[in-house]
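Peer 1: coords please:
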Amino acid sequence: MSRIVRVDVGRLDYDVVGSFKFLKPDPDGRVRRHSVLVRLVDDEGYEGWGQAVPVPTWTYETPETVESTLRRYIAPALIGLDPSDIDGIHAAMDQAVRPAFSVGQPLCKAAVDLACYDLVGKRRSMPVYALLAEEDGSQGEPLRTLTISWTVASPDLDAAMAQLDEGKRRGYRHFNIKVGRPQSLEYDVRLAEAVREAAPGAFLWADANCGYTPDEAIDAAHKLKGAGADVLESPLPPNRIRAYQRLKATRALPVLMDEGVLSPVEAEEFAALGMCDGFVLKPARSAGIRPTAGIVRKARKAGLMLLGSGLTDPDFALAAALHVFAWARIDRPCALNGPQFLADGAASGRFAPVDGRIAVPDEPGLGVPARPEYEAAVSPAAAAS
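Peer 2: Below you'll find the predicted structure:
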């Protein structure tokens, strides 16, 4: 057993290459992927690093709210706690920042969860995927590499096809496309048809980010299936329960839920309500590694499909996704587009894809190599007296 004696917090932002609709320019006109780092230090000097990746255009958390919540409320609540008691860590965070319908500020809390796993893995000289296998009593061998897909996201078809060509040039063979508002359904169908024609053997994943109405979603599922899509992700906001039930009943396409699956509780309830055919895993969204592993177990029990995705994750957030998806043996292409859109966010090349595949780290903890930027970014938020 060890005790947390210091919590450091700070901003670390990454330059963005290309164009992605969720990443908007800062006031100076530059596009950056904002993140907030957390470092936990225990009483024997072991360190664990985590990262929150807020996206205000996708959910309500902002870089400013994440940093202030970590500094003012969560960091003081962690002092003296055992980082290996990750359920206890989550309970303390939920006491400091209470849940609403589900987890309060899950992207913020994910940073602490990741840091705990990183610290415990370093203490025990085990990579995070091995810690998960031990928790699960898993006998299966985790994946050593993951196939990832390339994101095609543009309201202009020529620009979208140029994005696809760039992905193919860089060795990618599978593609996820952004559909739904502000695009028209007619455009979405043309996009799916064009990508399918250009990549006939690809796993083609259509993600609407809750961008259809209930009536549009049923029409979209049928038409996107005809256009060659393999799955439809998040066609509706997660609170449209009856609409999801109607859509799933059509069996036009497998319906995957992303937004709204913040913890194992929602996974269990949505599965019991017959709202979807599976879940899209995002450790950065679901308050970290421990809750995401719980979602995996609920989905397996219900016989549901699992896909892996991210939030244009850099460094620690990307590494966490790799460990969870390797442990869960996600063999379909994962929509991890951090290496695609971030100029300097692949841990100094440690997680750079080769022919559309990323090697899962074997090093203890998350396996992210040290960079001077991490140390420079953080400052003390709480410490034992």
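Peer 1: name the helices or strands packed onto the worst-scoring helix or strand of the chain on mean pLDDT?
Peer 2: Within the chain, no helix or strand scores below strand 32-33, which has a mean of 88 by mean pLDDT, DSSP states H and E. On a contact count with 3 or more C-beta pairs under 8 Å, 6 or more residues apart in numbering; DSSP states H and E, strand 32-33 meets strand 14-15. Using the backbone N, CA and C atoms, a C-beta is placed for each residue, glycine as well.
Peer 1: Could you list the paired strands of the strand it packs on along with their orientation?
Peer 2: The pairing partners recorded for strand 14-15 under DSSP bridges are strand 32-33 (antiparallel).
Peer 1: quick one on the thing from earlier: ok, and what's touching the least confident helix or strand of the chain?
Peer 2: 13-16, 23, 26, 53, 312, 314, 338, 341-342, 345 (C-beta atoms under 8 Å, 6 or more residues apart in numbering).
Peer 1: Let me know the pLDDT of R170.
Peer 2: In this prediction, R170 carries a pLDDT score of 93.
Peer 1: That should have said V16, apologies.
Peer 2: 89.
Peer 1: domain assignment for the protein?
Peer 2: 4-125+372-383, 145-359 (automatic domain parsing).
Peer 1: where does this protein dip in pLDDT?
Peer 2: Scanning the chain for pLDDT under 70 picks out the ranges 138-139, 344-349.
Peer 1: ranges for the helices of it?
Peer 2: 63-69, 75-78, 86-96, 106-124, 128-136, 157-169, 185-198, 214-227, 241-250, 264-272, 289-302, 315-327, 338-341, 372-377 (DSSP state H).
Peer 1: okay, these in a markdown table with distance to V31 and mean neighbour count next?
Peer 2: What follows is these, written out as a markdown table (distance: least, C-beta to C-beta, whole Å; neighbours: other C-beta atoms under 10 Å):
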| stretch | distance to V31 | mean neighbour count |
| --- | --- | --- |
| helix 63-69 | 14 | 19 |
| helix 75-78 | 29 | 20 |
| helix 86-96 | 31 | 17 |
| helix 106-124 | 19 | 27 |
| helix 128-136 | 30 | 19 |
| helix 157-169 | 16 | 16 |
| helix 185-198 | 23 | 18 |
| helix 214-227 | 29 | 19 |
| helix 241-250 | 33 | 16 |
| helix 264-272 | 31 | 19 |
| helix 289-302 | 28 | 21 |
| helix 315-327 | 18 | 29 |
| helix 338-341 | 9 | 23 |
| helix 372-377 | 18 | 13 |
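Peer 1: Minimum distance to I177: which of the ones you listed has it?
Peer 2: For I177, the closest of the helices of the chain is helix 185-198, at 5.6 Å, according to C-beta to C-beta.
Peer 1: Identify the residues contacting the closest one?
Peer 2: Contacts for helix 185-198 (C-beta under 8 Å, 6+ apart): 152, 155, 157, 160-161, 164-165, 168, 175, 177, 179-180, 183, 202, 204, 206, 212, 216, 219-220, 223-224, 226-229.
Peer 1: swap in stretch 355-364?
Peer 2: Residues contacting stretch 355-364 (C-beta under 8 Å, 6+ apart): 121-122, 124-127, 129, 142-150, 170-174, 319, 322-323, 326, 333, 336, 339, 350-352, 367-368.
Peer 1: Mind giving me the PyMOL command for buried ones among the residues you listed?
Peer 2: To isolate the buried subset of the contacts of stretch 355-364 in PyMOL, counting by 16 or more other C-beta atoms under 10 Å, use the following:
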select buried, resi 121+122+126+127+129+142+143+146+147+148+149+150+172+173+174+319+322+323+326+333+336+339+350+351+367+368
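Peer 1: thinking again about what came up before, taking the contacts of strand 32-33, tell me the two that lie furthest apart.
Peer 2: D26 and G338 (18.6 Å).
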